[in-house]
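A.B. asks: With the sequence up front, the predicted model follows.
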Amino acid sequence: MVILQLTGEELSNLMLNAVRTALSNTPPSSPPATDEFLTVQEAAKFLHLAVPTVYSMVQRKEFAASKRGGRLYFFKSDLIAYLKGGRKKSNNEIQAEAARYIGKKRKGGNNA
């Protein structure tokens, strides 16, 4: 076992070098993903649908689209929200929701 005696300045330099080494070895973090726009073709590919199907879904207002210069654009987050909206609940989720509903239900009828 080795015991080192360091001055305050030496300890400070040692820690500074260790932090610099650690920071230089970590990959740069990517900037936060901004909400990306998709064209009709990209949206169709993302949703695994045909382009005419995407146009008809926009016409039925199933999800939002922006129109600029005669072209439709979609926020990727809107498409993800659309996909999540079609999620079916598991039996456990349904039972938990039913239990919450029954727990909140008034007991005793109309006492007005």
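C.D. replies: Cool, got the structure.
A.B. asks: Excluding chain neighbours, what is closest to Lys76?
C.D. replies: Once flanking residues are discounted, Lys76 sits nearest to Glu36: 4.8 Å by CB to CB, 6 or more residues apart in numbering. Using the backbone N, CA and C atoms, a C-beta is placed for each residue, glycine as well.
A.B. asks: For the one you found, what are phi and psi?
C.D. replies: Dihedral pair for Glu36: phi -90, psi 140, per degrees, to the nearest 10.
A.B. asks: From Tyr82, how far out is the residue nearest to Arg71 when sequence neighbours are not counted?
C.D. replies: Nearest residue to Arg71 in three dimensions, chain neighbours excluded: Thr39, at 6.9 Å (CB to CB, 6+ apart). Separation of Thr39 from Tyr82 (CB to CB, to the nearest Å): 16 Å.
A.B. asks: do the same with Asn13
C.D. replies: As judged by CB to CB, Asn13 and Tyr82 stand 56 Å apart.
A.B. asks: residue contacts, the most centrally placed residue in the chain?
C.D. replies: By CA atoms, centre = their mean, the chain has its centre lying nearest to Ser77, at 7.8 Å. Neighbour list for Ser77: Asp35 [criterion: CB atoms under 8 Å, 6 or more residues apart in numbering].
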